[in-house]
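Undergrad: What shape does this take:
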Amino acid sequence: MASYNDTTVIIPIKDEPAVADVARRTARALPGCRIMVIYKHTGKDVKITGIPNLEVIRQVGSGKGTACVQAAKHVKTDIMCFIDGDGTYDPVDLRKVISLVRDGADMALGDRMTNIDKKVMPLYIRLGNHVLTMTSNILYGLNIMDSQTGARAIRTKAFRSLDLKETHFGIETEMNVKFGKSGYNIAETPIRYYVRVGETKQMKLIDGVKLLLTSFKFVGKK
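TA: Take a look at the predicted model:
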């Protein structure tokens, strides 16, 4: 099996009971990779043992975007990946997105929507994701299928060249837009998606509205 010592996998979490299993499956799927779990402290520290090349970081501040940017500062490998810690993604699928970066992409997205099992994602979430994706495609000339995916691989130098500001779930939209505006190559490949482990944190209507408004924030900006 290929070595992934050129890759760091970042797992941003907040009270995710599946995170230890996700980290272990990631280590098995990507031998040699570094794994970085960054967590929002909600009363107890996260402790995970028995996984090689694992680093656990306590997040300063709030929000997924904040966690992603903070963790990225610690990456020392050429490629960095993001994957949610709730068990909805199979770490094996990261091989596909990493392969796209190794083959020349600056950012590769794991597309959940092309082969989505309708039982694992409510209709309103699927529709909302479609609206957000199409909005970004129209506004910024992108050509992607799943703008809000939490599984992606990125060339570390490219990530650090961008001034990412979004502190919450708008970070995915901001990454897509700024990578596109900067002329970076964005690739995409279908991946699998599963039911979340633990309490659901599916976005509400107000969250979708906020994300849609985020899509318009970068119009006219370099």
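
Undergrad: what's across from the closest residue in space to Val46 that isn't next to it in sequence in the sheet?
TA: If the residues on either side of it in the chain are set aside, Val46 comes closest to Tyr39, at 4.6 Å by C-beta to C-beta, 6 or more residues apart in numbering. In this view, the C-beta of every residue, glycine as well, is placed from N, C-alpha and C. When assigned by DSSP bridges, Tyr39 has beta-bridge partners Ile13, Arg58.

Undergrad: contacting residues for Tyr39?
TA: Listed by C-beta atoms under 8 Å, 6 or more residues apart in numbering, the contact partners of Tyr39 are 12-14, 19, 46, 56-59, 67.

Undergrad: just for the chain, where's the confidence low?
TA: For the chain, applying pLDDT under 70 flags the ranges 199-206, 222.

Undergrad: what about the strands in it?
TA: When assigned using DSSP state E, the strands of the chain occupy the ranges 7-13, 34-39, 54-58, 79-82, 107-111, 152-155, 186-190.

Undergrad: Tabulate those strands (TSV), appending distance to Glu166.
TA: Supplementary listing: the strands of the chain in TSV, determined by distance: least, C-beta to C-beta, whole Å:
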stretch	distance to Glu166
strand 7-13	13
strand 34-39	16
strand 54-58	19
strand 79-82	14
strand 107-111	15
strand 152-155	15
strand 186-190	17
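
Undergrad: Identify whichever of those lies nearest to Lys178.
TA: Of all these, strand 107-111 sits nearest to Lys178, with 9.9 Å by C-beta to C-beta.

Undergrad: contacting residues around the residue nearest to Val177 when sequence neighbours are not counted?
TA: In this structure, Val177 finds its nearest non-sequential neighbour in Phe218, 4.7 Å apart by C-beta to C-beta, 6+ apart. Residues near Phe218 by C-beta under 8 Å, 6+ apart: 139-140, 174, 177-178, 181.

Undergrad: Among the strands of the chain, which comes closest to Asp146?
TA: strand 107-111 (4.4 Å).

Undergrad: List the contacts of the closest one.
TA: 89, 93-94, 96-101, 144-146, 149, 151-155, 158-159, 175-176, 179, 184-191.

Undergrad: what does stretch 52-71 give?
TA: By C-beta under 8 Å, 6+ apart, the surrounding residues in contact with stretch 52-71 are 10, 12, 23, 27, 32-41, 45-48, 74, 82, 164-171, 174.

Undergrad: And those residues, which of them are buried?
TA: Using 16 or more other C-beta atoms under 10 Å as the burial test, the contacts of stretch 52-71 include 10, 12, 23, 27, 33-40, 46, 48, 82, 164, 166-167, 169-171, 174 as buried.

Undergrad: can you give me the helices in this structure?
TA: Ranges of helices in the chain, per DSSP state H, are 19-29, 64-72, 94-102, 123-140, 156-160, 171-181, 205-216.

Undergrad: Can I get those in TSV including distance to Met113?
TA: Shown next, in TSV, are the helices of the chain (distance: least, C-beta to C-beta, whole Å):
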stretch	distance to Met113
helix 19-29	21
helix 64-72	20
helix 94-102	15
helix 123-140	7
helix 156-160	23
helix 171-181	13
helix 205-216	15
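
Undergrad: For the residue most central in space within the chain, which non-adjacent residue is closest in space?
TA: When the chain is reduced to its mean C-alpha position, the nearest residue by C-alpha atoms, centre = their mean turns out to be Gly150, at 3.2 Å. Computed as C-beta to C-beta, 6+ apart, the closest residue to Gly150 that is not its neighbour in sequence is Asp84, at 4.0 Å.
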